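Peer 1: After the sequence you'll find the predicted model.
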Amino acid sequence: MSVFKRTVKNEFWYVLFLMPGFCLFALALLVPLGMGIRYSFTDWDGVSQSLRYIGWGNYKNALTDDDLWMALINTFKYAIILTVVVNVLSLLFALLLDSYLKFRNVFRTVFFLPSVISIVLSGFIWSYNYSTGLPKLFSFFGFDNVTSPLGNPSYALFGVIVIAVWQGIGAPMIIYIAGLQGIPQEIVESAKIDGAGTSKTLWHIVLPLLAPSFTINMVLTLTGALKVFDLVFVTTHGGPAFATEVMSTYIYSSSFASYKGGYGMALSMIFFVVLVVVTLIQLSVFRRREVEV
Amino acid sequence: MRKVRHISVFILVSALAIVFLFPFYVAVLMAFKSPQETYDAFYALPAKLDLANFAHAWDTSHYPTAFMNSLIITVVAIGLIVTISAMAGYSIARRNKKFYQMFFVLFLAGMMVPFQITMLPIYKLGKTLHMIDTHWGIILIYGGAGIQMGVLFYTGFIRAISREIEEAATIDGCSTPGIFFRIILPLLKPVTATVLVLNALYIWNDFLLPLLFLQDASYRTIPLQQYFFFGQYSSDLNLAFAYAVMGMVPIIVFFLFMQKYIIKGIAAGAVKG
């Protein structure tokens, strides 16, 4: 049997096993990405058949587009605040739930519950709570004239962040709990015997050993938050006065509402590069920190 | 002293739990009350258990259609993801050649490309291939998206399985597909549970892809149907909330039954990442 024939015989099934997955991957990702790169160099409106290549024109326009910079700033403001708040709170919740506590599985379920409903639902419930529920609650305590933060350009982004925190605690909390349970009990006990109090044990033993969970949660929340679309789309649609317009919603409105398909794709590619750079920086920073610990 | 601390922690956690449950409370409250009752006393419990809002929402919302669309798309897409990821993961785990590892890296790199940046071309592609307003179109896209994480899980899991059984089976004359379907596939249950629950939550609740792909009302999934329903009935909020509660019941029931696997799955996902 020739070498070629044997290779074909050996590899045939393995290559065949790989193909269905690869074909769908190409359909869902490679082809659209390739099309997107191509469109970003054209003046395509997103609907018609005609398009003209305009070189780097879209990218040049993007650099001087104030709306793009506003959307980028909003996106990072949203993502950074959300990442910090979610990680602090979910770590706190994990520590509370990991301690001696009655009904802790019930509490874990409660804190995870908001994560399982769709963002359309949470956006709807919270919009109503902001506009009617909370003002009624506050007026009960004597604070009148409380209005929805989503209607005020200065607070709208924070209003959205609160919803995202409510819905985003669940998964990081589970990851921190798993991390806490992975810490060998002997180390904690020996620190206690050596005279370390609760806060010292926490600060010098538990938290450093949680570094891997910390890394993964920071990366997951930050990259997830940078891509935010649904929540902004269903609560504020980017408004009021551009106050909550983030990259994904700006790309959406450029591509589908303003009929600037080519420009929308240039924005997408810029955003893609930003996402890749942020992810790489994060991974290198946190992985290095972990090694030192 | 110790007891005081336990009690104060318990009170603190209970207070946080109440804050977290508060929006659910308001939603359920609204769903059971009439507009008049809501106006009279916002936070009071309803006078009687009235299902009128639910009955009305059921009649006007095409809830069964949306539920079936969500169910078909989620179940078939997950079946597809599990099958193609396990097969690809098997090839990558068992062939230590550059050719296969290249695919592994390619799938992993794909995780960096979210739908948010390819939404317009994916919509255009869907239109060209007549995938819009079909079940199979959106299912295939979910398959291509799900394989990226799926391959990561399956490759890692299969690498840890000893090859001895497979070698014995080969000597006995078992073919490669035979080995995969008869020997490997039954061993993959734990990792399949992880892939299953993570994708189930994501696909069931997804909004962006249905927004692009399912434009005809008869194909809408629950989240999309809800989005339009809320817009349409923004003046009759009690009705809208009845529909909101109907929409969250299936996924909350799923969560409560599968909680063990979901929590394991998330923890496992973290270790992989």
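Peer 2: The structure has been received and is ready for your questions. Numbering: from 1, shown residues only, chains lettered A, B, ... in the order given.
Peer 1: Closest to the centroid, which residue in chain A?
Peer 2: Chain A has residue A:224 as the residue nearest its centroid, 1.4 Å off, counting by Cα atoms, centre = their mean.
Peer 1: which residues are contacting the lowest-mean-pLDDT helix or strand in chain A?
Peer 2: For chain A, counting by mean pLDDT, DSSP states H and E, helix A:134-140 ranks last in confidence among helices and strands (a mean of 78). Outside helix A:134-140, the residues that touch it by Cβ atoms under 8 Å, 6 or more residues apart in numbering or on different chains are A:144, A:146, A:147, A:148, B:42, B:43. No exception for glycine: its C-beta is placed from N, CA and C like everyone else's.
Peer 1: Residue B:188 contacts residue B:160, doesn't it?
Peer 2: No. In this structure residue B:188 lies outside contact range of residue B:160 using Cβ atoms under 8 Å: 11.2 Å.
Peer 1: Tell me which of the two has more neighbours.
Peer 2: Using other Cβ atoms under 10 Å in any protein chain shown as the criterion, residue B:188 and residue B:160 rank with residue B:188 on top: 21 against 8.
Peer 1: Relative to chain B, how far out is residue A:230?
Peer 2: Residue A:230 sits 4 Å away from chain B, going by Cβ to the nearest Cβ, to the nearest Å.
Peer 1: Please spell out which residues along the least confident helix or strand of chain A are buried.
Peer 2: For helix A:134-140, burial by neighbour count (16 or more other Cβ atoms under 10 Å in any protein chain shown) applies to A:134, A:135, A:137.
Peer 1: where are the low-confidence patches of the chain?
Peer 2: Picking chain A for this. By pLDDT under 70, the low-scoring segments of chain A are A:1, A:287-293.
Peer 1: that answer is for a different chain, and I need it for chain B
Peer 2: The model of chain B has pLDDT under 70 over residues B:1, B:269-273.
Peer 1: how much space between the nearest residue to residue A:133 once chain neighbours are set aside and residue B:248?
Peer 2: Spatially, and ignoring its direct neighbours in sequence, residue A:133 is nearest to residue B:26 (5.0 Å; Cβ to Cβ, 6 or more residues apart in numbering or on different chains). The spacing between residue B:26 and residue B:248, counted by Cβ to Cβ, to the nearest Å, is 13 Å.
Peer 1: Which strand or helix spans the residue nearest to the centre of chain A?
Peer 2: Element membership for residue A:224, per DSSP states H and E: helix A:211-226.
Peer 1: Contacts for that helix, please.
Peer 2: When contacts are taken as Cβ under 8 Å, 6+ apart, the neighbours of helix A:211-226 outside the stretch itself are A:75-76, A:78-80, A:82-83, A:86-87, A:90-91, A:164, A:168, A:171-172, A:175-176, A:178-179, A:247, A:274-275, A:278-279, A:282-283, A:286-287, A:289-290, A:293, B:270, B:273.
Peer 1: Which positions within it qualify as buried?
Peer 2: Neighbour-count burial for helix A:211-226 flags A:211-226 (criterion: 16+ other Cβ under 10 Å).
Peer 1: are any of the contacts of helix A:134-140 buried, and which?
Peer 2: Among the contacts of helix A:134-140, the ones that count as buried by 16+ other Cβ under 10 Å are A:148, B:42.
Peer 1: Strands - which of the contacts of helix A:211-226 land there?
Peer 2: Where the contacts of helix A:211-226 are compared with strands, as defined by DSSP state E, there is no overlap at all.
Peer 1: Quick check: ChimeraX command selecting the buried ones in those.
Peer 2: The following ChimeraX selection, which keeps only the buried ones among the contacts of helix A:211-226, applies the criterion 16+ other Cβ under 10 Å:
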select /A:75,76,78,79,82,83,86,87,90,91,164,168,171,172,175,176,178,179,247,275,278,279,286 /B:270
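Peer 1: and the gap between residue B:158 and chain A?
Peer 2: Counting by Cβ to the nearest Cβ, the separation of residue B:158 from chain A is 11 Å.
Peer 1: correction: residue B:147
Peer 2: The value you get for residue B:147 to chain A, if Cβ to the nearest Cβ is used, is 5 Å.
Peer 1: Nearest residue to that residue in space, please, no chain neighbours.
Peer 2: With Cβ to Cβ, 6+ apart as the criterion, residue B:147 has its nearest non-adjacent residue at 4.5 Å, and that residue is residue A:21.
Peer 1: My guess is the one you found contacts residue B:91. True?
Peer 2: No. Residue A:21 lies out of contact with residue B:91 (Cβ under 8 Å); the separation is 9.1 Å.
Peer 1: And for residue 56, nearest residue in space, chain neighbours not counted?
Peer 2: Went with chain A since none was named. Per Cβ to Cβ, 6+ apart, closest to residue A:56 is residue A:41, 7.3 Å.
Peer 1: Sorry, I should have been clearer: chain B.
Peer 2: With sequence-adjacent residues excluded and distances taken as Cβ to Cβ, 6+ apart, residue B:56 is closest to residue B:239, at 5.7 Å.
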